[in-house]
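this is the structure alone, sequence omitted:
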């Protein structure tokens, strides 16, 4: 094993009907006036929001509701939530939703402790984060892993940027995971979640460090579990066992345990984030649309790594590493297709010219000043070629 630092302070309460414990947990972490943040209405339609509010009331807590969070959460909306939190003097922020809702809550919780700074300045200028309000999560969408991760990602519609703040403080104080809650999600959203979970580990697995034995074993086992159960939940989201496996994999995939001792490569995430920032594309879909092009572009840098991935994750056999490496890429491509996930840019519903892709490559490379990746470092020219290949199905 290489050196690493690992800290995941979140208390996880996992199981059916665990939502009933939300009042107790909020009180445990100092909540008396709770800002309840949710998304576009599914929490209301399913009755979950009413249940949460009732549990908080039964615990003697005051709840202030703030809805309307959308995918690729916007800093402008989070700023409104922060202003509400300050006006209502809330002492705990509770996310009821998936990654977008959770990241919005992280922004509010951080901003409440430095209200003199607009949220976007904290994100865009990298201002230090030393404290936040207590933060709780009721997870409804297994995907982003934000419920236990150190990342908080916020987008800005005006600047077309999608930026992250990383801090151990971003891990929630508690997270409730009830595997029955995602049962009403549509197939597409579940497929996007499965892709996102896989990619959080794949971005760590293909990182240029190949001698962390236990970390690699954990990563490969998680990927096999996601692949096996991902097929099941998109066909039947009421399969509680399969959903419970996916939900737990989502947290493990992004709390750093599948990459300990290595570097977090994040190339595919960074390539995909530009589509979310400019075109408001669902995050998981942007990842599946560029992964194959990236993998075909870089695999020859370390064919033995892709061969190990093929053998240990996909069960491929054969003596030739190059052949197994190529087959592993196509197995992943075909799996995304089986989930009805896009594997090219046109399948995202985008018609992009060479000039459009040049704009995205310039944005991803910070106008040719940034190179990314450790498996294979890439710059502007590489990014543009990967985008072209993703558009043209190469």
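Here it is on my side, so go on. Since this is a predicted model, take the numbers as computed values, not measurements. Numbers count the residues shown, from 1 in each chain.

hey, where'd the helices end up in the stretch 251-394 of the chain?
267-279, 283-298, 303-314, 321-338, 354-364, 380-392 (DSSP state H, counting those that start in this stretch).

so which strand or helix has residue 136?
strand 135-139 (DSSP states H and E).

just to revisit the earlier point, what's the most buried one of the helices of the stretch 251-394 of the chain?
helix 283-298 (a mean of 25; mean count of other Cβ atoms under 10 Å). C-beta coordinates here come from the backbone N, C-alpha and C atoms, glycine included.

least confident secondary structure element in this protein?
Lowest mean confidence among the helices and strands of the chain (mean pLDDT, DSSP states H and E): helix 42-45, at a mean of 83.

report the next helix or strand after the strand holding residue 136 in sequence order.
In N-to-C order, the element after strand 135-139 by DSSP H and E is strand 151-156.

could you point out which element follows that next one?
Sequence-wise, the next helix or strand downstream of strand 151-156 (DSSP H and E) is strand 161-166.

list the helices and strands that following strand packs on?
helix 119-124, strand 151-156, helix 267-279 (3 or more Cβ pairs under 8 Å, 6 or more residues apart in numbering; DSSP states H and E).

show residues contacting the second one.
Under the criterion Cβ atoms under 8 Å, 6 or more residues apart in numbering, residues 72-76, 78, 99, 103-104, 106-107, 110, 119-120, 123-124, 146, 161-167, 170, 254, 276-277 lie in contact with strand 151-156.

hmm, back to that, possible to save the helices and strands packed on strand 161-166 as TSV with distance to residue 303 and mean pLDDT?
Shown next, in TSV, are these (distance: least, Cβ to Cβ, whole Å; pLDDT from 0 to 100):
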stretch	distance to residue 303	mean pLDDT
helix 119-124	38	95
strand 151-156	30	93
helix 267-279	17	94
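
okay, the ones you listed in TSV with distance to residue 180 next?
TSV is the format used below for the helices and strands packed on strand 161-166 (distance: least, Cβ to Cβ, whole Å):
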stretch	distance to residue 180
helix 119-124	34
strand 151-156	27
helix 267-279	29
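
can you tell which of the ones you listed is closest to residue 338?
helix 267-279 (19.2 Å; Cβ to Cβ).

quick one: that closest one to helix 380-392, angle?
70 degrees (axes from the mean of the first three to the mean of the last three Cα atoms, to 10 degrees).

which elements pack onto helix 267-279?
For helix 267-279, the packing partners by 3+ Cβ pairs under 8 Å, 6+ apart are strand 161-166, helix 187-205, helix 283-298, helix 354-364, helix 380-392.

least reliable of these by average pLDDT, please.
Lowest mean pLDDT within the helices and strands packed on helix 267-279: strand 161-166, a mean of 91.

just want the most central residue of this protein.
residue 144 (2.5 Å; Cα atoms, centre = their mean).

mind pulling up the pLDDT for that residue?
91.

just the buried residues from the contacts of strand 151-156, in ChimeraX please.
Those of the contacts of strand 151-156 that count as buried under 16 or more other Cβ atoms under 10 Å are selected in ChimeraX with:
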select :72,73,74,75,78,99,103,104,106,107,110,119,120,123,124,146,161,162,163,164,165,170,254,276,277
